[in-house]
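**Q** Pasting the sequence and the predicted coordinates here, then a few questions.
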Amino acid sequence: MGVPLLKGFPPQFYDMNLIEVIWGQLEQKLLGKRHTKKKEYEKEVRGAWEEVKQTTIDRLVAKHPQQLKRIKARYAVLAIPGNHDYYAGYERFLEVARRSNITVLRNERLVFAGAIQVAGLDEPAGRSFAEGGPNLEKALAGNDPDRPTILLAHRPDGFLRAVARKIDLQLSGHTHAGQIPPLEELYWVIYPYSSGYYEKDGSRLYTSCGTGTWGPPMRLLSRNEIVRFTLVRKPSA
């Protein structure tokens, strides 16, 4: 999908791609090359996903970082923890990411090419494991309001806080779009921004349905998805 040009975005980054992949034990956000061919990139991502999705986290640590390394990006392959990463063992999640050359952001911010800021939040489940939890102020420490900012947050319920901080784009998941009726009705109550694209006061949110499932390995009236964003020029006035 095309995302309107973020504020302060240099012309040399027009048509830059971002790929969002939500997966139960590894949530990846990819800053991609310009003009990447969608079908080729999605084939690469899906190929890596198919090779790992049926394995346990222990087998991932032992074997599958080589497959995950096939996911390439010009600037970075990033991840933030989700709740199931804590349930399965946070240290094992970190080990998979480390061996796969994936950078984990946990209440941290990085700047790429001196132009785009990416901040990543820790997962609320971390509080239950004495591991921390999300801290938006810490994640945005030193943030330049004149540069575009992308926020990676596993759960979408903090979007209004992102709006208050004038975040340009938040990428989230967690909800699986309900996965199986009637869960989607419950999720709409808990998470008003439970799936899809939203805009509010200049900030944008996309909540992905994710690539996998939780509980029963099935979906009904929802879908798996890998989301590709292309930053585009604003239309002429």
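**A** Sure thing, it's come through.
**Q** ok, Gly132 to Ala139 distance?
**A** Separation of Gly132 from Ala139 (CB to CB, to the nearest Å): 11 Å. Glycine gets a C-beta too; all of them are placed from N, C-alpha and C.
**Q** all helices for the chain, in order.
**A** Secondary structure of the chain by DSSP state H: the helices cover 38-52, 57-62, 65-68, 83-88, 90-99, 136-139, 159-164, 183-190.
**Q** For the chain, name the helix or strand with the lowest mean pLDDT.
**A** Ranked by mean pLDDT, DSSP states H and E, the weakest helix or strand in the chain is strand 27-34, scoring a mean of 55.
**Q** would you list every one of the strands in the chain?
**A** Here the chain has its strands, by DSSP state E, at 2-4, 16-21, 27-34, 76-80, 103-104, 108-112, 116-120, 149-152, 169-172, 196-200, 203-207, 227-232.
**Q** got CSV for those strands, with mean neighbour count and distance to Gln67 too?
**A** Formatted as CSV, those follow (neighbours: other CB atoms under 10 Å; distance: least, CB to CB, whole Å):
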stretch, mean neighbour count, distance to Gln67
strand 2-4, 15, 29
strand 16-21, 23, 13
strand 27-34, 22, 12
strand 76-80, 23, 13
strand 103-104, 18, 18
strand 108-112, 16, 24
strand 116-120, 24, 23
strand 149-152, 25, 22
strand 169-172, 25, 23
strand 196-200, 13, 29
strand 203-207, 23, 26
strand 227-232, 18, 20
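**Q** so which of these gets nearest Tyr90?
**A** Proximity to Tyr90 (CB to CB) singles out strand 103-104 among these, at 9.8 Å.
**Q** Strand partners (parallel or antiparallel) of that closest one?
**A** strand 76-80 (parallel) (DSSP bridges).
**Q** wait, doesn't Arg109 sit right on Val118?
**A** Yes. Here Arg109 reaches Val118: they are 6.9 Å apart, a contact under CB atoms under 8 Å.
**Q** what stretches of the protein score poorly on pLDDT?
**A** Scanning the chain for pLDDT under 70 picks out 1-16, 20, 22-64, 130-131, 177-189, 212-222, 232-237.
**Q** switch the cut-off to 90
**A** Counting by pLDDT under 90, the chain contains low-confidence residues at 1-77, 82-102, 112-116, 124-132, 145-148, 157, 173-196, 207-237.
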